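J.: I'll drop the sequence and a predicted model, then ask my questions.
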Amino acid sequence: MAEKRTLEAYFAPSAKRQREADDKPVSTSKHKSYPFDIIEIPEALAEQLLPPNAPVKPGKNIDNRQDLNILYYNPFIPKLCTRQLFEFLRTELPFYRVEWTTVFGLDETSRFKNGSVVDAKSEVLVSDRLYDRYPPRPIPQCLDTLRRSTEAATGFKFNFCLVNYYASGADSISYHSDDEKFLGPEPAIASFSLGAQRDFLMKHKTAAPGSLKLVLGSGDMVLMRGKTQSQWLHSIPKRTGKHGEDGGRINITFRRAVTKDGTENYYNYNVGRGPVYRWDRTRREMKQA
Ligand SMILES: O=C(O)CCC(=O)C(=O)O
Ligand SMILES: [Fe+2]
């Protein structure tokens, strides 16, 4: 109990800590492809996202339906810091419009070396048509900490991070699967929820083994793997009635693209060529930066 109070006290910003924080220069993730420098998460918060603090519990296997293979962490992120992480990411990340999305990362054929894109094997600078329209962006520290933790917990490797912001219960994503060729045949996708609770619905593409509903809370993670993407569909339906106004939700997915098509596709659909938006704390909505 004593430990809980200490942690809660830490995460609630006191006037004294705010003064201390104001005195300290903030560290940022910088890259020529970012629209602005992205503030790093404080060390104490980063620690909460990494072993031994996260995952909070081992994942629960859900594989009792034909072709379904899910590992459900309920939760992965300690409850005490989910609010702070949600507010941090909503405030500090750049967002773009299809829905509200952003993306970072690079497919497995290449990597970043001193901020430049080089071939993963030869380390020669890469210039490729598929990277030309959008400069690939390294995953900033605030998301990379969670990526490392996810890799440690699951044993899978990830090179992309997509972020979706659902402003209210009216924002939704219809039934689809993330089965693009550039993810390889049996992709593992780790999907985190922060903020408002939402239903995650799944159904088989062709057979009728029964559907599945997970009620995703802040800090939960669903790892979809095996035949899940090739044989099942998933969705986040609109949330109406008394829960419609429960507030914003952030979904973070970690994925591994194996070819350059993945890089082109993700930046094209999740960044695009429109303006950058940022969360406006006063108006409590996204505003063009
Ligand atoms: O918001 C979610 O939990 C799911 C998002 C999703 O399925 C996607 O981005 O492909
Ligand atoms: Fe999806």
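T.: Sure, I can see it. Numbering: from 1, shown residues only. Ligands and ions are numbered 1, 2, ... in the order given.
J.: going forward, measure contacts between C-alpha atoms and count neighbours the same way
T.: Will do.
J.: Okay, and residue 222 sits in which element?
T.: Assigned by DSSP states H and E, residue 222 belongs to strand 221-224.
J.: what distance separates that strand from the middle of the whole chain?
T.: 11 Å (Cα atoms, centre = their mean, to the nearest Å).
J.: Next: stretch 45-59.
T.: Averaging C-alpha positions (Cα atoms, centre = their mean) puts stretch 45-59 16 Å from its chain's average.
J.: pLDDT averaged over it, what's the number?
T.: Taken as a whole, stretch 45-59 has a mean pLDDT of 98.
J.: just to revisit the earlier point, sheet-wise, list the partners of the strand holding residue 222 with their directions.
T.: The strands beside strand 221-224 in its sheet (DSSP bridges) come out as strand 70-73 (antiparallel), strand 189-195 (antiparallel).
J.: contacts for the last one?
T.: When you say that, I think you mean strand 189-195. Strand 189-195 has contacts (Cα atoms under 8 Å, 6 or more residues apart in numbering) with 82-83, 85-86, 150, 216-225, 247-256.
J.: Filter these down to the buried ones, ChimeraX style.
T.: Buried residues among those (16 or more other Cα atoms under 10 Å), as a ChimeraX selection:
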select :82,85,86,150,216,217,218,219,220,221,222,223,224,225,248,249,250,251,252,253,254,255,256
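J.: Next, name the residue at the spatial heart of the chain.
T.: The centre of the chain sits closest to residue 252, judged by Cα atoms, centre = their mean, with a distance of 1.7 Å.
J.: okay, that residue: pLDDT?
T.: On pLDDT, residue 252 comes in at 98.
J.: ditto for residue 25
T.: Residue 25 carries a pLDDT score of 79 in this model.
J.: Neighbours of it, how many?
T.: If you count neighbours by other Cα atoms under 10 Å, residue 25 ends up with 7.
J.: so who does it touch?
T.: Listed by Cα under 8 Å, 6+ apart, residue 25 has no contact partners.
J.: Name the secondary structure element that contains it.
T.: Using DSSP H and E, residue 25 maps to neither a helix nor a strand.
J.: what about the strands in the stretch 151-289 of the chain?
T.: Taking DSSP state E, counting those that start in this stretch to define them, one finds strands in the stretch 151-289 of the chain at 160-166, 173-176, 189-195, 198-204, 212-216, 221-224, 232-236, 249-255, 277-280, 285-288.
J.: Buried residues, the third one. List them.
T.: This points to strand 189-195. Buried-residue list, strand 189-195, by 16+ other Cα under 10 Å: 189, 190, 191, 192, 193, 194, 195.
J.: from the residues you listed, which two are the most distant?
T.: Taking Cα to Cα as the measure, the buried residues of strand 189-195 reach their widest spread between 189 and 195, a distance of 19.9 Å.
J.: hmm, back to that, how close does the residue nearest to the centre of the chain sit to residue 271?
T.: Using Cα to Cα, to the nearest Å, residue 252 is found at 15 Å from residue 271.
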